[in-house]
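Chemist: no sequence for this one, just the structure:
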Ligand code: ARG
Ligand code: ZN
């Protein structure tokens with residue numbers, strides 16, 4: 001069943017207050033909810049609808065008068081009541097079974113207690129309620145549970161009372177002073193350890209910051225707690241936004257579908273984004289913790305204080321909050337590295353999504369299952385759209401736009417238009433056309449042509465936009481909702497380099513003097529021409545600097561021009577991008593020739609040699625060099641082909657890595673030696689950058705496969721003093737067909753089998769291994785004690801990583817990879833449709849493969865679709881894929 005944005009209507013009734021009482025007993029919980037309601041003066045409808053799912057109704061009353069079944073209509077999806085006074089108190093009592101809640105949506109059991117996840121529609125699995133974000137109420141929550149088993153009782157807001165009761169139970173009451181939609185509700189009853197600290201806001205509010213974790217993990221909380229305080233400071237400094245509560249709690253839970261959740265004052269996190277110790281977490285894990293903690297904290301304003309009117313507006317809070325956490329990352333880490341990693345993620349995850357069967361604009365006009373729209377498009381492309389507004393209007397106007405947005409909408413549930421209107425009104429820039437970014441799906445392609453007129457010293461860039469319709473637009477048209485399409489309004493940031501690598505002053509025709517060496521060109525039309533004057537000799541254009549728009553840039557660069565940009569561009573993203581373009585060109589040639597013969601040009605090897613040397617120059621940045629040494633992924637290369645040949649891609653990429661390793665062996669060896677770190681571990685940018693480069697060198701050396709290289713990898717493993725180094729070695733070893741592989745993997749497992757997040761790493765190096773036995777190994781690991789299909793992190797590490805990050809095996813010509821994925825999807829769908837659906841998404845690009853592979857994939861997709869009782873989550877994904 002499809003839901004449409006155009007069908008939005010305001011709720012018939014509003015909730016002013018909600019008093020919840022949740023008593024957790026063995027095997028069930030009883031939830032009593034008192035809703036103080038009144039008719040919405042803005043509504044025309046008069047029936048009350050309360051969502052409810054998997055609830056056993058025990059009692060229902062209005063103003064203290066019990067209702068009989070004749071007074072309401074109850075279905076699987078909820079309850080409706082037609083005859084009601086203007087204002088009333090509705091009380092319901094329901095029984096739920098959190099121990100049987102394997103979906104991890106609503107109230108559920110995890111190892112040490114009970115936790116909640118209510119976004120998007122989990123609250124209806126706790127009690128009957130108008131579970132939609134435009135219904136905002138003040139909540140109180142009283143929890144009751146066994147005191148010895150569940151000593152910690154938490155909910156949103158402030159603790160107001162607590163006490164003991166009969167039978168060893170205790171209770172606690174929490175009150176949230178801010179009205180909020182139900183998706184931001186959270187409560188926890190568990191056995192947890194806590195670490196606390198205090199943060200004082202600029203206006204003097206003393207905030208208790210607390211991180212709750214499973215007993216015994218207190219030594220893994222410091223980084224998350226520090227990240228929280230850093231985030232609070234950053235949001236004050238950059239946006240003038242302060243924490244508004246006295247308590248800010250983060251609770252880590254090992255069973256969690258997504259990354260984390262911004263519940264008001266009580267964030268619930270996947271342990272993966274909280275727990276870190278140098279010997280258990282990698283530099284990347286530390287950085288991810290910074291970013292996710294910041295992300296959830298920033299939601300307090302962009303998401304909670306101002307929330308979404310309906311779920312079509314999800315990007316209103318997610319795109320904006322990702323943009324904010326990205327800027328935090330650029331400020332506290334390295335700006336260049338952070339941006340490069342984002343561009344890589346966007347192109348690895350979002351571009352394929354936008355080119356596949358699930359393509360949708362950042363604000364879709366319809367969906368079948370909202371959980372399927374927590375996508376790279378809504379999040380990452382959504383953040384790029386906000387970034388473009390920032391680039392077009394500038395930092396100062398953007399800040400004014402944010403201030404205006406909060407001045408207008410604090411306490412409201414609003415739409416993407418409301419946000420854009422605030423930016424437009426604050427800046428004076430007309431953003432009407434810009435709104436196409438919210439309505440059109442697909443990645444636009446910019447075709448740029450250059451012409452140089454030596455006599456006139458004139459350089460001309462002609463830019464053409466292409467934006468063909470996607471399956472989304474076809475679906476909408478078939479639904480009778482044709483979507484108008486047109487060119488985008490976007491910023492194209494550029495510079496021009498001369499033959500010496502110097503940046504040229506830029507004067508556009510019609511201007512009296514040059515204004516700087518970098519310009520933001522504004523695109524609005526299908527084709528536009530930009531003429532630069534006083535250009536003495538033909539420059540090399542540096543286009544789309546900083547990745548200023550989420551587009552594919554098509555410009556016919558020569559290898560020499562790319563090598564030039566790689567060495568001289570002042571823009572870190574474009575230096576990196578030039579290297580990626582160069583490598584992509586070479587690799588695609590390698591794919592074409594099945595990596596036979598002399599297909600790797602010597603100048604490329606020289607460019608990589610120079611790149612590596614640049615890390616040791618006075619202003620060298622090892623972290624950026626490490627990024628640049630990483631070749632485009634197999635998945636990225638696949639997207640560049642009309643018909644994907646996964647074996648040829650894998651072979652070409654491996655051959656290029658081996659070629660570089662042989663040609664630059666001594667350079668890699670000496671860099672590896674020079675980059676050794678003596679200091680105690682720190683995840684800071686400088687140290688992690690050195691480690692990244694050192695481990696990149698190790699990765700190349702590991703490709704040599706001779707005795708000396710293997711010995712180096714094994715000694716790196718043995719000497720590793722932190723998880724970053726350990727994993728660098730372990731992932732290399734996992735690709736080696738040597739006897740030591742088993743010994744190392746076994747001893748790693750025995751050492752870490754009680755540390756769940758480390759076991760996930762152990763599963764993932766095996767599921768992403770290139771060895772021929774990988775598919776069989778993954779099947780065997782699914783039966784290993786270390787694996788648990790009910791735990792999302794385990795499924796992501798073993799199965800999703802196999803499907804998404806091991807194309808050689810997932811797309812195996814015998815169909816074994818597709819079969820494995822389908823087996824898991826079908827088994828998991830009955831337990832956890834959200835996770836099953838995320839695995840199903842790995843079939844998205846099946847039509848890009850050859851006919852034989854398509855036939856094998858189709859068999860599995862049809863088998864999944866035919867499965868009786870299939871969830872709406874998986875059904876939507878698979879049907880769209882098969883369409
Ligand atoms: N709002 C959360 C975040 O972005 C994600 C929650 C997603 N939950 C879901 N069931 N899809 O931080
Ligand atoms: Zn978010």
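Modeler: That came through fine. Computed from a predicted structure; not experimentally measured. Residues are numbered from 1 along each chain as shown. Ligands and ions are numbered 1, 2, ... in the order given.

Chemist: tell me the pLDDT at residue 696?
Modeler: What the model reports as pLDDT for residue 696 is 98.

Chemist: specify the local secondary structure of it.
Modeler: The three-state assignment at residue 696 reads helix, by DSSP: H, G, I helix; E, B strand; the rest coil.

Chemist: one more: the one 3 residues further on?
Modeler: Here residue 699 takes the helix state, with states given by three-state DSSP.

Chemist: tell me how far it lies from residue 672.
Modeler: 10 Å (C-beta to C-beta, to the nearest Å). For the C-beta atoms, the positions are set from N, CA and C on the backbone; glycine is no exception.

Chemist: common neighbours of those two, please.
Modeler: Counting by C-beta atoms under 8 Å, 6 or more residues apart in numbering, residue 699 and residue 672 have no common neighbour.

Chemist: residue 343 contacts residue 548, doesn't it?
Modeler: No: proximity of residue 343 to residue 548 does not meet the contact threshold set by C-beta atoms under 8 Å, at 10.7 Å.

Chemist: the more surrounded of the two?
Modeler: A side-by-side neighbour count of residue 343 and residue 548, using other C-beta atoms under 10 Å, places residue 548 first with 23 against 20.

Chemist: the nearest residue to the more buried one once chain neighbours are set aside - how many residues pack around it?
Modeler: For residue 548, ignoring the flanking residues on the chain, the nearest one in space by C-beta to C-beta, 6 or more residues apart in numbering is residue 493 at 4.0 Å. Other residues within reach of residue 493, judged by other C-beta under 10 Å, total 20.

Chemist: please name the bridge partners of residue 493.
Modeler: With DSSP bridges as the criterion, residue 493 is bridged to residue 520.

Chemist: same question, residue 21
Modeler: Going by DSSP bridges, residue 21 is paired in beta bridges with residue 32, residue 142.

Chemist: sorry, back to before: for the residue nearest to residue 548, give me the pLDDT.
Modeler: Confidence at residue 493, expressed as pLDDT, is 98.

Chemist: got the contact list for it?
Modeler: Contacts were defined as C-beta under 8 Å, 6+ apart; by that measure residue 493 touches 391, 518, 519, 520, 521, 544, 545, 546, 548.

Chemist: nearest to residue 631 among the residues you listed?
Modeler: residue 544 (20.7 Å; C-beta to C-beta).

Chemist: what about the closest one, neighbour count?
Modeler: Applying other C-beta under 10 Å, we find 25 residues neighbouring residue 544.

Chemist: in what helix or strand does the closest residue to it other than its chain neighbours lie?
Modeler: Setting aside the residues directly before and after it, residue 544 is nearest to residue 553 in space (C-beta to C-beta, 6+ apart), at 4.8 Å. Here residue 553 sits within strand 552-554, counting by DSSP states H and E.

Chemist: got the buried residues for whatever helix or strand comes next after that strand?
Modeler: Towards the C-terminus, the helix or strand next in line after strand 552-554, according to DSSP H and E, is helix 559-568. For helix 559-568, the buried set under the neighbour-count rule, 16 or more other C-beta atoms under 10 Å, comprises 559, 561, 562, 563, 564, 565, 566, 567, 568.

Chemist: the first one contacts residue 585, correct?
Modeler: When you say that, I think you mean residue 559. Yes: between residue 559 and residue 585 there is a contact at 7.0 Å, judged by C-beta under 8 Å.

Chemist: OK, now which residue of the stretch 301-450 of the chain is nearest to ligand 1?
Modeler: At 4.0 Å from ligand 1, residue 374 is the closest residue in the stretch 301-450 of the chain, using C-beta to the nearest ligand atom.

Chemist: wait, is residue 597 part of a strand?
Modeler: No: using three-state DSSP, the assignment for residue 597 is coil, not a strand.

Chemist: which residues does it contact?
Modeler: If you count contacts by C-beta under 8 Å, 6+ apart, then residue 597 has nothing around it.

Chemist: and the pLDDT for whichever residue of the stretch 451-600 of the chain sits closest to ligand 1?
Modeler: In the stretch 451-600 of the chain, no residue comes nearer to ligand 1 than residue 550, which is 19.0 Å away by C-beta to the nearest ligand atom. Listed pLDDT for residue 550 reads 99.

Chemist: so it: helix, strand or coil?
Modeler: Three states are possible here, and by three-state DSSP the one that applies to residue 550 is coil.

Chemist: so for the host helix or strand of residue 673, what gets flagged as buried?
Modeler: Using DSSP H and E, the secondary-structure element containing residue 673 is helix 665-674. Neighbour-count burial for helix 665-674, with 16+ other C-beta under 10 Å as criterion, is recorded at 665, 667, 668, 669, 671, 672.

Chemist: just the closest of these to residue 396, please.
Modeler: For the buried residues of helix 665-674, the minimum distance to residue 396 (C-beta to C-beta) is 42.3 Å, reached by residue 671.

Chemist: list the contacts for the closest one?
Modeler: Counting by C-beta under 8 Å, 6+ apart, residue 671 has contacts 612, 615, 616, 693, 694, 697.

Chemist: which residue of the chain sits farthest from its center?
Modeler: Using C-alpha atoms, centre = their mean, the residue of the chain lying farthest from its centre is residue 455. It sits 50.5 Å away.

Chemist: find the nearest non-adjacent residue to the residue of the stretch 301-450 of the chain closest to ligand 1, please.
Modeler: That would be residue 258: by C-beta to C-beta, 6+ apart, it lies 6.8 Å from residue 374.

Chemist: number of nearby residues for the one you found?
Modeler: By the measure other C-beta under 10 Å, the count of residues near residue 258 is 18.

Chemist: over to the one 4 residues further on?
Modeler: A total of 23 residues lie near residue 262 under the criterion other C-beta under 10 Å.

Chemist: that one: what's it in contact with?
Modeler: Shown here is residue 262, whose contacts under the criterion C-beta under 8 Å, 6+ apart are 184, 295, 296, 297, 299, 300, 303, 304.

Chemist: ok, 10 Å please
Modeler: When contacts are counted by C-beta atoms under 10 Å, 6 or more residues apart in numbering, residue 262 touches 119, 183-184, 186, 268, 295-300, 302-304, 317, 321.

Chemist: flag every residue of the chain that's near ligand 1.
Modeler: Within the chain, the positions near ligand 1 by C-beta under 6 Å from any ligand atom are 119-120, 257-258, 260-262, 295-296, 318, 371, 374, 834.

Chemist: could you rerun that using 5 Å?
Modeler: Within the chain, the positions lying close to ligand 1 (C-beta under 5 Å from any ligand atom) are 119, 258, 371, 374.

Chemist: go through these and name the one nearest residue 212.
Modeler: Closest approach between the residues of the chain next to ligand 1 and residue 212, by C-beta to C-beta: residue 258, at 18.4 Å.

Chemist: give me the distance between the closest residue to ligand 2 within the stretch 501-650 of the chain and residue 386.
Modeler: Closest approach of the stretch 501-650 of the chain to ligand 2 (C-beta to the ion) occurs at residue 550, with a separation of 18.4 Å. Relative to residue 386, residue 550 is positioned 11 Å away (C-beta to C-beta).

Chemist: overlap of the contact sets of the two?
Modeler: 362, 437.

Chemist: got the residue ranges for the strands in the stretch 201-350 of the chain?
Modeler: With DSSP state E, counting those that start in this stretch as the definition, the stretch 201-350 of the chain shows strands at residue ranges 206-213, 247-253, 260-261, 266-270, 307-308.

Chemist: can you give the strand pairings for the last one, parallel or anti for each?
Modeler: When you say that, I think you mean strand 307-308. Sheet pairing of strand 307-308 (DSSP bridges) gives strand 413-414 (parallel).

Chemist: show me where pLDDT drops low in the stretch 201-350 of the chain?
Modeler: Scanning the stretch 201-350 of the chain for pLDDT under 70 picks out no residues.

Chemist: give me the residue from it nearest ligand 1.
Modeler: Taking C-beta to the nearest ligand atom, the stretch 201-350 of the chain has residue 258 as its residue nearest ligand 1, at 4.3 Å.
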